[in-house]
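Participant: With the sequence up front, the predicted model follows.
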Amino acid sequence: MRILVTGASGFVGSLLVPRLRQDGHAVRALGRDLERLRAALGQEDVELVRADAHTDYGLEQALEGVEVAYYLIHSMERIAIERGAATGSPEDDRAFPERERVAVENFATAATRAGVRRVVYLGGLMPRRDAGTTVSRHLASRAHVEQVLLDAVPDSLALRASIVIGARSRSFRLLVHLVERMPVLTLPAWQSLRTQPIDARDMIEMLAACATAQLPRRSLDVGGPEVLAYGEMLERIAELMLVNRPALNLGVNLTGVTARVAAAIAGEDPELVVPLMEGLQADLLPAEHHAAELLGVRLHSFDSAVEHALAEWERSEPLAAR
């Protein structure tokens, strides 16, 4: 089967490409920068194509002959790279949702014209409708992208996840750096909110299974086997890193302030961290729990996921707290 993977130089895409090759698929990797693709994929036997969904450049050629396309394009990181640190202006607040809309509409139109049978999208878990919270701009944008793709290509599948535990996962790296660099884990009120983090290995297996899964068009909520509060995750990560980090609950959120403080401590760009933390207003839990069974994936525990991610991390760079 000929498969296109967009965002192939990113965290998920660079892991998915070799997994699809392992199943015998002919894989075409799409990116805006061929050098970044080569650096991310190494010697993988894949076709590299330069295209940009935001401008529509190269999409027709990239999708030619493709049966299944993975849509792994997210605009937050691109804007952070291009603009530098966030300015907090209204223009910045609107930037990534608008770019997400333009990119997905360009891609959906091109995929329809090319006769793509299925698009597979990785989006985000949504808060329960009865949670009484406003959906953040980040999650609302993810939901819009999902709907556009499902409407455009009839056999499409969308997987919704929260935190993916992997060495290159921005969310996981943020948590690890907070543990490394904060002698006392001073946590806002969102530390009591719950989610179901998933091992990157399991996420990749689910995505790979979507290429051939005999499932009708639908969305699937995915998560690991354990429900954990964010504060619990930080404590467990600290234990697995063999460091002692007492916790102090602030009792308030102050998202704009705490997100920028967390970004500064972790050495991350606030343009990435602020939208992520804006989504921490309610539990983010799967509405259903049969995705792993439907896709034939056996889930790893949270501790196993963290240990594996930390070991991979340390192969390329040291962890100060270890």
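Facilitator: Looks like it arrived, so ask away.
Participant: show me where the stretch 51-200 of the chain has strands.
Facilitator: Secondary structure of the stretch 51-200 of the chain (DSSP state E, counting those that start in this stretch): strands at 68-71, 118-124, 157-161, 164-165, 185-187, 194-195, 198-199.
Participant: partners of the longest one in the sheet?
Facilitator: This points to strand 118-124. Partner strands for strand 118-124, per DSSP bridges, with pairing direction: strand 68-71 (parallel), strand 157-161 (parallel).
Participant: Save those strands as CSV, and put in mean pLDDT and distance to Ser9 too.
Facilitator: Yep, even glycine has a C-beta here, placed from its N, CA and C like the rest. As requested, these are arranged in CSV below (pLDDT from 0 to 100; distance: least, Cβ to Cβ, whole Å):
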stretch, mean pLDDT, distance to Ser9
strand 68-71, 98, 13
strand 157-161, 97, 20
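Participant: Most tightly packed of those?
Facilitator: Among the strands paired with strand 118-124, the stretch with the highest mean neighbour count (mean count of other Cβ atoms under 10 Å) is strand 68-71, at a mean of 27.
Participant: Return the distance of it from the chain's centre.
Facilitator: In terms of Cα atoms, centre = their mean, to the nearest Å, the centre of strand 68-71 is set 15 Å apart from its chain centre.
Participant: Alpha carbons of it, in PDB - could you do that?
Facilitator: Output for strand 68-71, consisting of C-alpha atoms alone and laid out as PDB, is shown next (Å, rounded to 0.1, in the frame of the first residue of the first chain):
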ATOM      1  CA  VAL A  68      -3.800   6.300   3.000                       C
ATOM      2  CA  ALA A  69      -2.500   9.600   4.200                       C
ATOM      3  CA  TYR A  70      -1.500  10.500   7.800                       C
ATOM      4  CA  TYR A  71      -2.200  14.100   8.800                       C
END
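Participant: What are the contacting residues of that strand?
Facilitator: By Cβ atoms under 8 Å, 6 or more residues apart in numbering, the list of residues contacting strand 68-71 from outside reads 1-7, 13, 16, 63, 104, 107, 111, 116-122, 145, 149, 207, 210-211.
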